[in-house]
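*Asks:* Got a sequence here, can you build the structure:
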Amino acid sequence: MPFISLTDAVSTIINYATNVTNVGITAVLGVIMITRLYAMYQRSRIILIFLVIIFLAINMACGIMAAMQLKYTVGGKLYSLT
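*Replies:* Next up, the predicted model:
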C-alpha cells in the first residue's frame, strides 16, 4: 500500500493558497490605491491611464512569478532550475 505523507500534501496546498492570496490582495490594494490617486489628481484621465498601465504591468509580473514558483514547487520543496 503506497504511503503519501499528509504533511507534504497540506504544505503544498497552503503554499498554493498563500501565493494566490498574495496576488489577489495585491490586486485589490492596487485598485484602491489607483482610485485614491485618481481622485487626488482631480480625475485626470492621463494619470488614470498611467496608473492602470503601471498596475497591469506589476500585477502581470507578480502573477507570472507566482505561477513560475508554483510550477517548480513539489511537496513543499522548491526545486531550482540550475
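
*Asks:* Quick check: which ranges of the protein have low pLDDT?
*Replies:* 1-9, 73-82 (pLDDT under 70).

*Asks:* ok, which stretches of this structure are helices?
*Replies:* 6-40, 45-71 (DSSP state H).

*Asks:* Remind me what the longest one packs against, helices and strands.
*Replies:* The elements that helix 6-40 packs onto, with contact taken as 3 or more Cβ pairs under 8 Å, 6 or more residues apart in numbering; DSSP states H and E, are helix 45-71, strand 73-74. Any C-beta I mention is one placed from the backbone N, CA and C, and that applies to glycine too.

*Asks:* As CSV, these with distance to Thr26 and mean neighbour count would be great.
*Replies:* Listed next are the helices and strands packed on helix 6-40 as CSV, based on distance: least, Cβ to Cβ, whole Å; neighbours: other Cβ atoms under 10 Å:
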stretch, distance to Thr26, mean neighbour count
helix 45-71, 6, 13
strand 73-74, 19, 14
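
*Asks:* The ones you listed: which one's closest to Gly24?
*Replies:* helix 45-71 (9.9 Å; Cβ to Cβ).

*Asks:* contacting residues for the residue nearest the centre of the chain?
*Replies:* Residue closest to the mean C-alpha point of the chain, counted by Cα atoms, centre = their mean, is Val23 at 2.2 Å. Going by Cβ atoms under 8 Å, 6 or more residues apart in numbering, Val23 touches 59, 62-63, 66.
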